[in-house]
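Chemist: model the following, please.
(2 chains)
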Amino acid sequence: MRPKMNRQLTFTTEPINEAVLVAQRKLTGGMGAVVYFTGVVRGNEGGTGISALEYESFQKMAEHQFGLLFDEIEKQWPVESVRLVHRLGLVNVNEASLWVEVVAPHRGEAFAACQWLIDRMKEVVPIWKKPHCV
Amino acid sequence: MSDKQSQVQAQVRVNFYSFFKELTGCPGCSQSIAPGSTMANLIQLLTERFPKLGPMHKSMLTAVGVEYQDRGYVLRDGDEVSLFPPVQGG
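Modeler: Model (predicted):
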């Protein structure tokens, strides 16, 4: 029987410190793959130049929905841990708005779980963004 | 007065997120509903109260508490309903 998947979910209004997150990584000896993804605010939204995105969340429901997604990952893939950080509030162009890390025995499940999580997040987690134009 | 009208009305709390707050002019409201009303009935009432919500009714997402519920969900007194546009995380 697999140990329970470790999960960490953080919402923050502060800049995402990727170096610190990488330094804090934990994985056991059986793990051979770490996939991590950084989502960055693009300089245009729908063809219009922007300076920033302002993120809003229904946080209690977002936490619950992320929990359900993590439950599904645990059922589908042998993932040891998932960490996800999502910015809220104003995020400038070129800044990270999202950071996701998946640790698994092999790259196949790590890539698959990470992609699935981000795709499903964009369908069900109640977070919205409002562009601030240049 | 009909039997339905004479029944005690239920009250639900409605929260609006994202630009729905601008469309309605408020972050939320209370709404009286007839017992046995569905989410669809509630949306109809809210669209009459806040006409700018009308064009959004097909794409609107609906939740009770922290769970998504569909238009056929039967609401209960005290339910906390949230209405919002399609989500945009990441």
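
Chemist: make it CA atoms for all contacts and neighbour counts henceforth
Modeler: Will do.

Chemist: how many residues are close by A:Ala23?
Modeler: When neighbours are defined as other Cα atoms under 10 Å in any protein chain shown, A:Ala23 has 8 of them.

Chemist: correction: A:Met5
Modeler: 18.

Chemist: from A:Val125, how far out is it?
Modeler: Computed as Cα to Cα, to the nearest Å, the A:Met5 to A:Val125 distance reads 20 Å.

Chemist: how about A:Ile16?
Modeler: For A:Ile16, the distance to A:Val125 - Cα to Cα - is 19 Å.

Chemist: tell me which of these two has more neighbours.
Modeler: When A:Ile16 and A:Val125 are compared for neighbours, A:Val125 comes out ahead with 24 against 19, by other Cα under 10 Å.

Chemist: tell me if I'm right that that one and B:Gly89 touch.
Modeler: Yes: shown here, A:Val125 and B:Gly89 form a contact pair, counting by Cα atoms under 8 Å, at 6.7 Å.

Chemist: tell me the pLDDT at the nearest residue to A:Glu109 once chain neighbours are set aside?
Modeler: Leaving aside its sequence neighbours, A:Glu109 sits nearest to A:Trp77 (Cα to Cα, 6 or more residues apart in numbering or on different chains; 6.0 Å). For A:Trp77, the pLDDT comes out at 98.

Chemist: contacts for the lowest-mean-pLDDT helix or strand in chain A next, please.
Modeler: In chain A, no helix or strand scores lower on mean pLDDT, DSSP states H and E than strand A:44-45, which sits at a mean of 88. Contacts to strand A:44-45, defined as Cα atoms under 8 Å, 6 or more residues apart in numbering or on different chains, come from residues A:Ile50, A:Pro131.

Chemist: show me where the chain has its helices.
Modeler: No chain in the question, so chain A it is. Using DSSP state H, the helices found in chain A span residues A:18-23, A:59-76, A:107-124.

Chemist: look at chain B instead
Modeler: B:3-6, B:20-24, B:39-49.

Chemist: can I get the ones you listed in JSON lines with mean neighbour count and distance to chain A?
Modeler: Formatted as JSON lines, the helices of chain B follow (neighbours: other Cα atoms under 10 Å in any protein chain shown; distance: least, Cα to the nearest Cα, whole Å):
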{"stretch": "helix B:3-6", "mean neighbour count": "9", "distance to chain A": "33"}
{"stretch": "helix B:20-24", "mean neighbour count": "17", "distance to chain A": "11"}
{"stretch": "helix B:39-49", "mean neighbour count": "17", "distance to chain A": "18"}
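
Chemist: and these, which one is worst for confidence?
Modeler: When I compare the helices of chain B, helix B:3-6 is least confident, with a mean of 51.

Chemist: count the residues that sit near residue 75.
Modeler: I'll assume chain A. A:Lys75, neighbours per other Cα under 10 Å, totals 11.

Chemist: chain B is the one I meant
Modeler: 24.

Chemist: please name the residues that touch it.
Modeler: B:Val12, B:Pro35, B:Gly36, B:Ser37, B:Thr38, B:Met39 are the contacts of B:Leu75 under Cα under 8 Å, 6+ apart.

Chemist: what subset of these is buried?
Modeler: Among the contacts of B:Leu75, those buried by neighbour count (16 or more other Cα atoms under 10 Å in any protein chain shown) are B:Val12, B:Pro35, B:Ser37, B:Thr38, B:Met39.
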